[in-house]
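Trainee: all I have is the shape, not the residue letters:
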């Protein structure tokens, strides 16, 4: 088999879903049926292979995406099992960036849940073809048709059932395959083989009509993508199975349909058919469009085809710290072939050389050495020192760089304080290692208080980080109360003018800048426009003016929080041929920017969260009353069976400790999910309280040349 044929047999897939839909259980069954694991691990027992971290086993949730490789139907399947909790959404983001296909798991009872929508949007952004697996068909309240309808309505997608269930809840026995028109039944006998054996038989008589209707719907849909199927269907002729599978595969790869399957991973039903569908319908690296790279010097787009003979090109999508081998760098290889021990260039760091000591095939936290890696592979590499998430490695120093991965901003921070001097020096190294691993984790020293602040995506995210710092890395530290990542904005137009004219050493420094600032829409960031004439501010100083504006925005006006969503126009100024310099223009701009921002009616901005609460009806009144007391607004309410779903928008600062309170209000029967919605203005009364804490009214620190 040549290299191209080998690549055509690779499937790089992710298992994604809302928390508790059964992703890890499904992955465990896949590993068992493919022979990768000799026994089934269970999430609730803390024995799941893919949930290998102590924190994952204790909490019964996935925290970090784990990679593994298995073999099925003559194909190699690289699987990444991702977290479902919104606090760890970056793990899903970076996994979908490098995967060719995804299996989206839905709970047959709860259907499309908030994090299901989030991961679906992420998959849309990267145009990842998907298969949907409706899990937990054995649970009370399971309804396959309802989940199919929700995928269509809520996710604005085109679901295409390729099976229909045989029974549901306690009577769930398997499904009818609409392509072969056979029933796949897992009987009590198959329980002895842990679901590895099942019967293929005639469709039960009571389902014959429903199966024919469902197959007709499937063929009607596919006829829209194939003239051959349309012709045969209209003539009421037999449509070959191979043609149906070929057309379905093409439609899935083009993201035109999403095949819907069903099963019960926990009860060992339906997973083998899911594996068959992964191989049959999800793309190989050769089936998807070539990756797009950009030439650094000119920004020109370049296509990078999955060719093992081309120059080596790989994207770093994850970094992990392994106690046995050190820094593990996870790579998706887009082109070329490379042997272990060879040198590559890090294109994002000035083409610095890095030596790859070893290639490893990861199986959760187990490793296997590989002599080489080629296009289409997902592997880990050991031996590299200076490399970060989203960077491109290549054997050609002038190769195009792959697009970096974008991550959401942190919204919550806590102060962390080491207990001894020895812990202090250790903590610095640990925080750097954790920031390398997790791009949504940030650590910095507060310039005013000298405290070390760590920031993340939510309370659970920081709780897990602190747990790792103390247990995994052995640093003794105490943690303060959570703090919200506030920002500042402006609500009006403001003008500022500053002239910097003073002696520094034996040389005079001169710069004069006139600025105007205007508010931008929320989320638009920073925009700079130079309208000064060359005789007022020469071109070589314009960059320094822009940099001075950003420095002033980073320091804030009200309480030192970063100012966002500002349009800056440089109106003019003046310079001296002998005394002007970049530093002088930076300082003058900084002062002018501060004056302009103060004149533009600054306001404090806080993160607002989208909160979705699922509760039995009898607790709804108490929960809504409590949400109102937290400055939350109820946006929407709907009924799902006997459960009420309440969608609210609430400021993050008022949501701390909500999980405990929700449990007490509902006797532990309600649950909620929360994700960042947007930043919005803080009410005046709350602003005064916050600024009282952060020292409102203090004059801003003066900027001097030594600060630059």
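Mentor: Yep, it's here. Remember, predicted model here, so these are calculated numbers, not experimental data. Numbers count the residues shown, from 1 in each chain.

Trainee: report pLDDT for residue 3.
Mentor: Here, the pLDDT recorded for residue 3 equals 67.

Trainee: which residues of the stretch 51-200 of the chain fall in helices?
Mentor: 54-59, 89-98, 114-125, 144-154, 188-192 (DSSP state H, counting those that start in this stretch).

Trainee: of all these, which one is nearest residue 639?
Mentor: Residue 639 lies closest to helix 144-154 among these, at 12.3 Å (Cβ to Cβ). In short, each C-beta sits where N, CA and C put it, glycine included.

Trainee: check which helices and strands the closest one sits against.
Mentor: Applying 3 or more Cβ pairs under 8 Å, 6 or more residues apart in numbering; DSSP states H and E, one finds that helix 144-154 makes contact with strand 130-135, strand 159-161, strand 258-262.

Trainee: list the neighbouring strands of the first one plus their orientation.
Mentor: This means strand 130-135. strand 101-107 (parallel), strand 258-262 (parallel) (DSSP bridges).

Trainee: what of the shortest one?
Mentor: Paired neighbours of strand 159-161 in the sheet (DSSP bridges): strand 258-262 (parallel).

Trainee: what about the strands in the stretch 451-600 of the chain?
Mentor: Along the stretch 451-600 of the chain, counting by DSSP state E, counting those that start in this stretch, strands occupy 452-456, 477-479, 483-484, 487-490, 494-504, 507-519, 526-530, 566-574.

Trainee: does residue 554 touch residue 564 like I think?
Mentor: No. Here residue 554 does not reach residue 564: they are 10.2 Å apart, not a contact under Cβ atoms under 8 Å.

Trainee: how about residue 491: what's its closest non-neighbour residue?
Mentor: Of all residues not flanking residue 491 in the chain, residue 601 sits nearest, at 4.5 Å (Cβ to Cβ, 6 or more residues apart in numbering).

Trainee: with residue 445 instead?
Mentor: residue 452 (5.6 Å).

Trainee: beta partners for the one you found?
Mentor: In this structure, residue 452 bridges to residue 416, residue 445 when assessed by DSSP bridges.

Trainee: OK, contacts around it?
Mentor: Residue 452 is in contact with 415, 416, 417, 427, 431, 443, 444, 445, 446, counting by Cβ atoms under 8 Å, 6 or more residues apart in numbering.

Trainee: list the contacts of residue 483.
Mentor: By Cβ under 8 Å, 6+ apart, the contact list for residue 483 reads 412, 413, 414, 415, 453.

Trainee: ok, now which ones touch the last one?
Mentor: What that stands for is residue 453. 413, 414, 415, 416, 443, 444, 445, 446, 483.

Trainee: one more time with 7 Å
Mentor: Listed by Cβ atoms under 7 Å, 6 or more residues apart in numbering, the contact partners of residue 453 are 413, 415, 444, 446.

Trainee: out of those residues, who's the most crowded?
Mentor: Neighbour counts for the contacts of residue 453 (other Cβ atoms under 10 Å) peak at residue 413, which has 20 neighbours.

Trainee: pLDDT score for the closest residue to that residue other than its chain neighbours?
Mentor: Closest residue in space to residue 413, ignoring its immediate chain neighbours: residue 455 at 3.9 Å, by Cβ to Cβ, 6+ apart. Per-residue confidence at residue 455 stands at 85 (pLDDT).

Trainee: enumerate every residue touching residue 455.
Mentor: With contact taken as Cβ under 7 Å, 6+ apart, residue 455 is in contact with 410, 412, 413, 442, 485.

Trainee: how about the nearest residue to residue 602, chain neighbours excluded?
Mentor: Using Cβ to Cβ, 6+ apart and skipping residues adjacent in sequence, the residue nearest residue 602 is residue 557, 4.6 Å away.

Trainee: neighbours of that neighbour, how many?
Mentor: 22.

Trainee: likewise the one 5 residues further on?
Mentor: Using other Cβ under 10 Å as the criterion, residue 562 is surrounded by 16 other residues.

Trainee: nearest residue to the middle of this protein?
Mentor: Centroid check for the chain by Cα atoms, centre = their mean gives residue 93 as the closest residue, at 2.5 Å.

Trainee: that residue contacts residue 405, doesn't it?
Mentor: Yes. Between residue 93 and residue 405 a contact is recorded at 6.5 Å, counting by Cβ atoms under 7 Å.

Trainee: and the strands of the stretch 451-600 of the chain, which is most packed in?
Mentor: Ranked by mean neighbour count, the strands of the stretch 451-600 of the chain are led by strand 487-490 with a mean of 24 (mean count of other Cβ atoms under 10 Å).

Trainee: now for that one, which elements pack on it?
Mentor: When contacts are defined as 3 or more Cβ pairs under 7 Å, 6 or more residues apart in numbering; DSSP states H and E, strand 487-490 sits against strand 507-519, strand 602-616.

Trainee: good, wrapping up.
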